[in-house]
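**Q** no sequence for this one, just the structure:
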């Protein structure tokens, strides 16, 4: 995890590099250096530093769920049983392994988790809930909400 101290060590060049890479992780080093206005050698050194310091954690492809047959997204609120609090990390790790899961949020509040899924249809949602949530002794309750529209702001810097 990145500390607040590390965050304060990011300068304007780092911020520009992060913005460019967030917009297009496939950009060449030459194009990235030109966009930010620095030498290519400086650029690659800066990017490697951002990676080694844990600021940049990975480079991924964003896949359109519709293009791969996943026409619906749902958010499932999950509450674990009071005696199952010691299983919070296990639950999080189990959810991370499931192919339908896009994101898992560990919460403070009335629910313990929100699980974000991409699924084929309502039957797929039902199957997921029955096989991966309701069947668990540690799960007290679930509440499923369909996502009608989604907005993703993009870079955090």
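**A** Received, thanks. Remember, predicted model here, so these are calculated numbers, not experimental data.
**Q** alpha carbons only for contacts and neighbour counts from here, please
**A** Noted.
**Q** where does the most centrally placed residue in the chain land on pLDDT?
**A** Residue closest to the mean C-alpha point of the chain, counted by CA atoms, centre = their mean, is residue 103 at 5.1 Å. Residue 103 carries a pLDDT value of 96.
**Q** residue 118 is in contact with that one, correct?
**A** No. Using CA atoms under 8 Å as the test, residue 103 is too far from residue 118 to be in contact (9.7 Å).
**Q** all strands for this structure, in order.
**A** Ranges of strands in the chain, per DSSP state E, are 72-80, 101-106, 113-119, 139-147.
**Q** what's the closest of those to residue 30?
**A** Of all the strands of the chain, strand 101-106 sits nearest to residue 30, with 32.5 Å by CA to CA.
**Q** helices and strands around that closest one, which ones?
**A** Judged by 3 or more CA pairs under 8 Å, 6 or more residues apart in numbering; DSSP states H and E, strand 101-106 is in contact with helix 88-97, strand 113-119.
**Q** one more time with 6 Å
**A** Contacts defined by 3 or more CA pairs under 6 Å, 6 or more residues apart in numbering; DSSP states H and E place strand 101-106 against strand 113-119.
**Q** run through the neighbouring helices and strands of the strand it packs on.
**A** Using 3+ CA pairs under 6 Å, 6+ apart as the test, strand 113-119 ends up in contact with strand 72-80, strand 101-106.
**Q** so for residue 32, which of the strands of the chain sits nearest?
**A** Judged by CA to CA, the one of the strands of the chain that comes nearest to residue 32 is strand 101-106, at 28.8 Å.
**Q** flag every buried residue along that closest one.
**A** Buried residues in strand 101-106, counted by 16 or more other CA atoms under 10 Å: 101, 104.
**Q** starting at the chain centroid, how far to that strand?
**A** Put simply, strand 101-106 sits 7 Å off its chain's centre (CA atoms, centre = their mean, to the nearest Å).
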